[in-house]
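J.: coords below, sequence missing:
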């Protein structure tokens, strides 16, 4: 039976742990020069309605490293831009390629593509979720901290797609995520209610950034205005200014805490240059790990190395 990754909710706790473990192994195998080419003779279509650096390059590099081939298509390269139904696109591509990675605006588009495609569909980002980012981030935290047990992640800034995926991950794995967001930019209520219903992790809406980071193992931030929100940028800067990750905020966190940012960063806005380049920053290790988690994910979906479906 084919599997998709549309959000973290599509994975059990056991599967998340297995993917991270597989990524660790594949990262080591790549460095040692003995990575198995499990995607040989496989073709993956990359549909990018939203532009990207890290998502595109990490997926293309992962496919190449595993012996596969990628076909990149921007919106203007497909009939999607001419209103071809996604259901038709899905059924045609499924006869040409072995998997689809899509990066777009609406989560509903990814869901529809997966519904009609007989091949795996991976969400490379939507306005609602960014599951691949958070899986790579969990790999980074595991490397730096040694374990994901009793983890506490502090999210500072916009309650956006990455924040939503962190809430989903906390509910799946049972760790704590504390969020400090302006009142106008809180995470979606349905996502918060879903996490509460799972009854496993702890999601805390903090009164301030300092409260959010007080016992955190990782401080996480993102740009204040994402793609498609450029017209709001000036208004957002004044609202989000108290939510900057700077030296003062970092000093309120435990000394072992690391700093994460999914990039691109607007230095001097959501994060200072000193913090980004400081000794607690794991931002570029985090960016590298997008490659390794992408390799593990593709290996899982397209080879015989898939972790068994768990019950957690």
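T.: Perfect, I can see it now. Everything quoted here is computed from the prediction, not taken from an experiment.
J.: contacts for stretch 210-219?
T.: Residues from elsewhere that reach stretch 210-219 (Cβ atoms under 8 Å, 6 or more residues apart in numbering): 141, 145, 151-156, 178-180, 204, 206, 245, 249-250, 252-254, 256-260, 282. (Glycine included, C-beta is placed from N, CA and C.)
J.: Just the buried subset of the residues you listed, please.
T.: For the contacts of stretch 210-219, a burial check counting by 16 or more other Cβ atoms under 10 Å picks out 141, 145, 151-156, 178-180, 206, 245, 249-250, 252-253, 257-260, 282.
J.: Keep only those of these that are in strands.
T.: Under the assignment DSSP state E, those contribute 152, 153, 154, 155, 156, 178, 179, 180, 258, 259, 260 to strands.
J.: Now residue 140. Nearest residue, chain neighbours left out?
T.: Using Cβ to Cβ, 6 or more residues apart in numbering and skipping residues adjacent in sequence, the residue nearest residue 140 is residue 286, 4.5 Å away.
J.: what residues are up against the one you found?
T.: Taking Cβ under 8 Å, 6+ apart, we find residue 286 in contact with 136, 137, 140, 260, 261, 262.
J.: quick one: residue 130 from residue 76, how far?
T.: Separation of residue 130 from residue 76 (Cβ to Cβ, to the nearest Å): 23 Å.
J.: More neighbours: those two, which one.
T.: Set residue 130 next to residue 76 and count neighbours by other Cβ atoms under 10 Å: residue 130 wins out with 27 against 9.
J.: Spit out the contact partners of the more buried one.
T.: Contacts for residue 130 (Cβ under 8 Å, 6+ apart) come out as 123, 161, 162, 164, 165, 262.
J.: Show me just the buried residues among those.
T.: Buried, going by 16+ other Cβ under 10 Å: 123, 161, 162, 164, 165, 262, out of these.
J.: Could you look up the SS state of the residue positioned nearest the centre of the chain?
T.: Centroid check for the chain by Cα atoms, centre = their mean gives residue 133 as the closest residue, at 1.9 Å. For residue 133, the secondary structure call by DSSP: H, G, I helix; E, B strand; the rest coil comes out as helix.
J.: That one contacts residue 126, correct?
T.: No - look at residue 133 against residue 126 with Cβ atoms under 8 Å: they stay out of range, at 11.5 Å.
J.: So which of the contacts of residue 130 are in strands?
T.: residue 123.
J.: so of the contacts of residue 130, which ones are in helices?
T.: Within the contacts of residue 130, residues falling in helices by DSSP state H are 161, 162, 164, 165.
J.: okay if I get those as CSV plus pLDDT?
T.: Output for those, formatted as CSV (pLDDT from 0 to 100):
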residue, pLDDT
161, 98
162, 98
164, 98
165, 98
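J.: what about the stretch 1-150 of the chain, any weak spots by pLDDT?
T.: The stretch 1-150 of the chain contains residues with pLDDT under 70 at 79, 81-82.
J.: 90 - rerun?
T.: Low-confidence segments of the stretch 1-150 of the chain (pLDDT under 90): 1, 75-85.
J.: Going along the chain, name the strands of it.
T.: Ranges of strands in the stretch 1-150 of the chain, per DSSP state E, counting those that start in this stretch, are 43-48, 69-74, 99-103, 121-125.
J.: Report the distance from the third one to the chain centre.
T.: Mean-position distance between strand 99-103 and its chain equals 14 Å (Cα atoms, centre = their mean, to the nearest Å).
J.: List the buried residues for it?
T.: So for strand 99-103, counting by 16+ other Cβ under 10 Å, buried means 99, 100, 101, 102, 103.
J.: Surely the last one touches residue 47?
T.: Yes - counting by Cβ under 8 Å, residue 103 does reach residue 47; the two are 7.3 Å apart.
J.: Identify the contacts common to these two.
T.: In contact with both residue 103 and residue 47: no residue, using Cβ under 8 Å, 6+ apart.
J.: Apart from its neighbours in sequence, what residue is nearest residue 60?
T.: Nearest non-adjacent residue to residue 60, counting by Cβ to Cβ, 6+ apart: residue 70, 5.0 Å away.
J.: any idea how far that neighbour lies from residue 201?
T.: Distance of residue 70 to residue 201, computed by Cβ to Cβ: 35 Å.
J.: What of residue 74?
T.: Residue 74 is 37 Å from residue 201, by Cβ to Cβ.
J.: Give me the more crowded residue out of these two.
T.: For residue 74 versus residue 201, neighbours defined as other Cβ under 10 Å are more numerous around residue 201 (20 against 16).
J.: what's the helix or strand for the closest residue to the more buried one other than its chain neighbours?
T.: Excluding the flanking residues, the one nearest residue 201 by Cβ to Cβ, 6+ apart is residue 170, at 3.5 Å. For residue 170, the host element (DSSP states H and E) is helix 161-173.
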